[in-house]
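Asks: just a sequence and a predicted model for now, questions to come.
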Amino acid sequence: MLNSNLPESELLKALLEPLLEDFNYWFDRSAKLLETEEIPFLSGEDQSDLLARVKQAQQEVGAAKALFQATGGQVGIETAALMPWHRLLAECWQVSARFRSLQLAPPGK
């Protein structure tokens, strides 16, 4: 639980730093899946498009993290900037879950 008495910059750091790390982690996992596996329910074009969007998001998150660190945690990120990343991760999670379920399904199903 976060201490509500933290100064604003400390609260921002306590929330934003782990959030950016989470985005980095999940985008990295998504990129690895899309680069190393053929996803049977995605066309090659759709898989390439999703990978390109993940790589773009990785660059955006990296830039946001660098700016955050360069300012000593004094800048935040608008929710409007975070929401596309969140939606993209949700899309990646759906693809991953469906892909994993296909791998676990008995042959012929």
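Replies: Great, that's in hand. Numbering: from 1, shown residues only.

Asks: buried residues, the helix ranked longest in the chain. List them.
Replies: Counting by DSSP state H, the longest helix found in the chain is helix 8-36. Residues 12-13, 16, 19-20, 23, 26-27, 30-31, 33-34 are the ones in helix 8-36 that count as buried (16 or more other C-beta atoms under 10 Å). Backbone N, C-alpha and C define where each C-beta goes, glycine included.

Asks: show me which of those residues has the smallest pLDDT value.
Replies: Checking pLDDT across the buried residues of helix 8-36, the minimum falls on Leu12 at 80.

Asks: picking that back up, can you tell me which of the buried residues of helix 8-36 is nearest His86?
Replies: Minimum distance to His86 across those is 8.5 Å, recorded for Phe23 (C-beta to C-beta).

Asks: what sits against the residue lying closest to the closest one once chain neighbours are set aside?
Replies: Nearest non-adjacent residue to Phe23, counting by C-beta to C-beta, 6 or more residues apart in numbering: Val61, 4.6 Å away. Residues near Val61 by C-beta atoms under 8 Å, 6 or more residues apart in numbering: 20, 23-24, 27, 85.

Asks: from Glu38, how far off is Val61?
Replies: 26 Å (C-beta to C-beta, to the nearest Å).

Asks: ok, now Gly73?
Replies: 41 Å.

Asks: higher neighbour count, those two?
Replies: Set Gly73 next to Glu38 and count neighbours by other C-beta atoms under 10 Å: Gly73 wins out with 16 against 9.

Asks: per-residue confidence at that one?
Replies: 82.

Asks: tell me the SS of it?
Replies: Of the three states, Gly73 takes coil according to DSSP: H, G, I helix; E, B strand; the rest coil.

Asks: same check on the one 4 residues further on?
Replies: Following three-state DSSP, we place Ile77 in the coil state.
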